[in-house]
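Q: When you get a sec, could you give me coordinates for this:
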Amino acid sequence: MPAHEGLRRTLVVASREMVERGRSRAYRLSTLIAILAMAAIILIPSLLSDDTKTHRIGLAGAEAAGVSEALAAQATAADLRVRTTSYDTVVAGEQAVRDGKIDVLLVDGTTLEWRRQPNASLAALVGDAVQAVHIRDRAAQLGLSMETVGSLLAPVALSSRQLWNAGGVGENAQDVGMIAVVLILLAVSIYGNAVLTGVVQEKQTRVAEVLLARMRPRELLAGKVIGIGGLGLAQFALIIATAAVSLTAVDAADAPHVATSIWVWLVVWFALGYGFYSVVYAGVGALASRVEDASGVAAPISVVMFACYFAALSALDSPESTMTTVLSFVPPSAPFVMPMRLTLTTVPAWQVFTAALLTALTIWLLVLVAGRIYSGALLRTGTRIPLRVAWRSGVRQA
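A: Numbers count the residues shown, from 1 in each chain. Purely as a prediction, here's the structure:
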């Protein structure tokens with residue numbers, strides 16, 4: 001049987017799933033509610049809050065007199081707000097940066113220390129203030145010859161040092177990672193369960209018997225996964241587009257700036273995570289004979305999925321630990337842990353590609369395995385089919 005015929009039948013099933021489910025009232029209503037909710041989450045706080053953000057600046061080490069006043073004057077000129085805090089030791093100031101109590105620490109009037117990546121506008125504000133203090137001090141001590149004027153106008157070079165490598169993401173990197181992981185979890189939960197119930201419904205209504213007379217079980221399974229996944233990607237694309245438009249409308253300067261490559265990888269891992277779990281959902285869905293039994297057969301998958309989700313949350317505090325690195329390669333946890341690592345630290349390219357390849361190969365193997373379970377259990381009705389029986393029956397039919 002030509003391979004292109006199998007692909008054509010798979011795409012026919014996918015198209016059928018997209019058309020039928022896309023026309024459903026539940027899908028349209030859930031899409032509308034999600035879009036409105038996303039817009040409200042972004043727009044309402046912006047409308048209710050004060051547009052002017054207070055920048056928190058810490059001072060430590062040898063501090064020139066008048067720096068706080070100069071910072072206040074520079075902020076007023078730039079229509080900004082600042083709040084300065086002096087620390088007795090540099091260590092105390094650095095701890096305040098790590099704890100998020102201040103945005104930046106000025107050490108000895110020469111070095112800016114950040115929790116993650118520097119904020120260019122805030123660095124310029126502090127630099128201008130330090131420059132103004134230096135000019136004032138020099139003017140009080142020196143004459144006004146041409147050489148002195150040149151010295152007064154000489155810029156003060158500020159070096160920056162990151163206390164945590166953020167891998168190309170701004171100060172809100174953990175928010176980006178959390179949003180990505182939550183979206184993946186929602187996609188897997190919602191659309192993976194849609195695949196599960198779809199399989200059980202077709203089995204219960206005997207529609208599967210008609211479909212299997214014209215195609216292989218593996219083609220039917222892959223078509224359902226691709227079709228429902230396509231709808232899911234379309235829905236989440238609309239939600240993300242709504243978020244982007246809303247952020248632009250409110251001119252959200254605090255929104256994290258993420259490299260394009262990271263956005264691409266987040267989409268890739270979104271698709272890989274959905275593909276992995278939906279294939280498993282489809283395979284075990286054939287073991288149930290009624291929709292009421294679907295949640296029972298899928299319970300172990302939900303346990304694994306939420307365990308991987310919590311593993312991703314633990315990566316917030318240790319994105320470069322050995323355990324986090326290992327979990328980002330394991331296919332069940334990789335779609336959750338790797339996006340978190342990508343937004344929190346610099347991940348070597350070979351690790352990202354290797355983890356993605358391992359997950360993709362595992363999905364391909366799962367399609368073969370789930371296809372056998374699918375073929376062995378889809379035409380059986382009555383009580384819940386044991387996995388061992390479905391596997392053996394599927395091998396005989398293969």
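
Q: Leu36: which element?
A: helix 25-48 (DSSP states H and E).

Q: In terms of secondary structure, what does whatever helix or strand comes next after that helix contact?
A: Once the chain leaves helix 25-48, the next helix or strand it forms, by DSSP H and E, is strand 54-60. Using 3 or more C-beta pairs under 8 Å, 6 or more residues apart in numbering; DSSP states H and E, the elements in contact with strand 54-60 are helix 67-77, strand 81-86, helix 90-98, strand 104-107, helix 120-141. Bear in mind the C-beta positions are built from the backbone N, C-alpha and C, glycine included.

Q: okay, the ones you listed in a markdown table with distance to Thr343 and mean neighbour count next?
A: Shown next, in a markdown table, are those (distance: least, C-beta to C-beta, whole Å; neighbours: other C-beta atoms under 10 Å):
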| stretch | distance to Thr343 | mean neighbour count |
| --- | --- | --- |
| helix 67-77 | 30 | 17 |
| strand 81-86 | 28 | 16 |
| helix 90-98 | 18 | 17 |
| strand 104-107 | 21 | 24 |
| helix 120-141 | 20 | 16 |
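
Q: do you know which of those lies nearest Trp265?
A: Smallest distance to Trp265 across those (C-beta to C-beta): 24.8 Å, for helix 120-141.

Q: Work out the gap between that closest one and the centre of the chain.
A: 39 Å (C-alpha atoms, centre = their mean, to the nearest Å).

Q: For the stretch 151-300 of the chain, which segments are assigned as strands?
A: 159-162 (DSSP state E, counting those that start in this stretch).

Q: Which one of the helices and strands packed on strand 54-60 lies nearest to Ser333?
A: Closest among those, using C-beta to C-beta: helix 90-98, at 27.2 Å.

Q: what's that closest one in contact with?
A: Residues from elsewhere that reach helix 90-98, judged by C-beta atoms under 8 Å, 6 or more residues apart in numbering: 58-61, 85, 87, 102, 104-105, 107, 113-115, 163-164.

Q: how is the protein carved up into domains?
A: Listed domain ranges for the chain are 8-45+169-397, 54-162 (source: automatic domain parsing).

Q: Grab the most central residue of the protein for me.
A: Ala180 (1.9 Å; C-alpha atoms, centre = their mean).

Q: Let's verify the residue lying closest to that residue once chain neighbours are set aside: helix, strand, or coil?
A: Closest residue to Ala180 apart from its sequence neighbours, by C-beta to C-beta, 6 or more residues apart in numbering: Pro339 at 4.3 Å. At Pro339, secondary structure determined by DSSP: H, G, I helix; E, B strand; the rest coil is helix.

Q: got a list of what Pro339 touches?
A: With contact set as C-beta under 8 Å, 6+ apart, Pro339 has these partners: 177, 180-181, 184, 265-266, 269, 312.

Q: pLDDT at Ser375, what is it?
A: Ser375 is assigned a predicted lDDT (pLDDT) of 67.

Q: got it, and Gly168?
A: 46.

Q: how would you label Ala65: helix, strand or coil?
A: Following three-state DSSP, Ala65 is assigned to coil.

Q: and it, what is it in contact with?
A: The contact partners of Ala65, taken as C-beta under 8 Å, 6+ apart, are Val133.

Q: Of the contacts of helix 90-98, which is the most crowded?
A: For the contacts of helix 90-98, the largest number of neighbours (other C-beta atoms under 10 Å) sits with Leu105, at 28 neighbours.

Q: that older thread, tell me if I'm right that the residue nearest to the centre of the chain and Met338 touch.
A: No - between Ala180 and Met338 there is no contact under C-beta atoms under 8 Å: 9.8 Å.

Q: I'd like the helices and strands packed on strand 54-60 as a markdown table, with distance to Leu7 and mean pLDDT appended.
A: Converted to a markdown table, the helices and strands packed on strand 54-60 look like this (distance: least, C-beta to C-beta, whole Å; pLDDT from 0 to 100):
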| stretch | distance to Leu7 | mean pLDDT |
| --- | --- | --- |
| helix 67-77 | 62 | 77 |
| strand 81-86 | 60 | 84 |
| helix 90-98 | 53 | 87 |
| strand 104-107 | 55 | 87 |
| helix 120-141 | 50 | 76 |
